[in-house]
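Participant: got a structure for you, letters missing:
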């Protein structure tokens, strides 16, 4: 995610991709829209065009508008990666690919301005877990990405908040029918431990919120 700022980490150690500028803050939430922000369209609908991946089997993922049409929330029912113990090798990495269509009245466009994600993890000493998100508009070569790493021993909820500054925002091309493609990944490395470690982002204790900023097309 270019020109982005890490706003907070509630628990654990988090590492961002090299293209991120980092900063510390006490709050693990995205800043509310500025008073002079463009008006938010009142009629916004969101639909999932395609969904696939080992972390989001059919019927286990839902996308809903939230925060007064300034965000949408993705909830998962079976998004867990684990390693060690009796875990099959293929379960150490889980992914989910969403193609989301955000519809608004003609003359509006939007960009993702921030991501909040939360979940739970249990990591034995020496184990690590990765949470990664990459997103881009269909047909657009520009993409943005952010990742966080947790290190064991760890047994707690986690929450990360990331935001993109005004210069780094990528808006959907005006007048174009382009879906927002979101690729996420959970990965666990058990290290030297033979015991089970996992990272989860499930509806009971976790989800992802994608915050949007709107503007009128010229």
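Facilitator: All right, it came through fine. Computed from a prediction, not measured in an experiment: that's the story for all the values here. Residues are numbered from 1 along each chain as shown.
Participant: Looks like residue 60 contacts residue 80 (just checking).
Facilitator: No: in this structure, residue 60 is not within contact of residue 80 by C-beta atoms under 8 Å, at 11.0 Å. All C-beta atoms are positioned from the backbone trio N, CA, C, and that covers glycine.
Participant: Neighbour count: these two, which is higher?
Facilitator: Set residue 60 next to residue 80 and count neighbours by other C-beta atoms under 10 Å: residue 80 wins out with 19 against 16.
Participant: and the residue nearest to that one when sequence neighbours are not counted, what are its bridge partners?
Facilitator: Among residues not flanking residue 80 along the chain, residue 200 sits closest, at 4.3 Å (C-beta to C-beta, 6 or more residues apart in numbering). Residue 200 forms beta bridges with residue 80, residue 120, as assigned by DSSP bridges.
Participant: so residue 200 sits right up against residue 123, yeah?
Facilitator: No: counting by C-beta under 8 Å, residue 123 is not a contact partner of residue 200; they are 11.5 Å apart.
Participant: Compare the two (neighbour count), which wins?
Facilitator: Between residue 200 and residue 123, counting by other C-beta under 10 Å, residue 123 is the more crowded of the two (28 against 22).
Participant: which SS state does residue 40 fall under?
Facilitator: Under DSSP: H, G, I helix; E, B strand; the rest coil, residue 40 falls in the coil class.
Participant: residues touching residue 115, list them.
Facilitator: Counting by C-beta atoms under 8 Å, 6 or more residues apart in numbering, residue 115 touches 30, 133, 146, 160, 161, 162, 163, 208, 209, 210, 211.
Participant: Kindly report the same for residue 121.
Facilitator: Contacts of residue 121 (C-beta under 8 Å, 6+ apart): 12, 129, 150, 154, 155, 156, 158, 197, 198, 199, 200.
Participant: Hmm, residue 122 and the fifth one touching each other?
Facilitator: It stands for residue 155. Yes: contact criterion C-beta under 8 Å: residue 155 and residue 122 qualify, at 4.9 Å.
Participant: what about these two, which has more around it?
Facilitator: Counting neighbours by other C-beta under 10 Å for residue 155 and for residue 122 shows that residue 122 has the greater number, 19 against 11.
Participant: No further questions, thank you.
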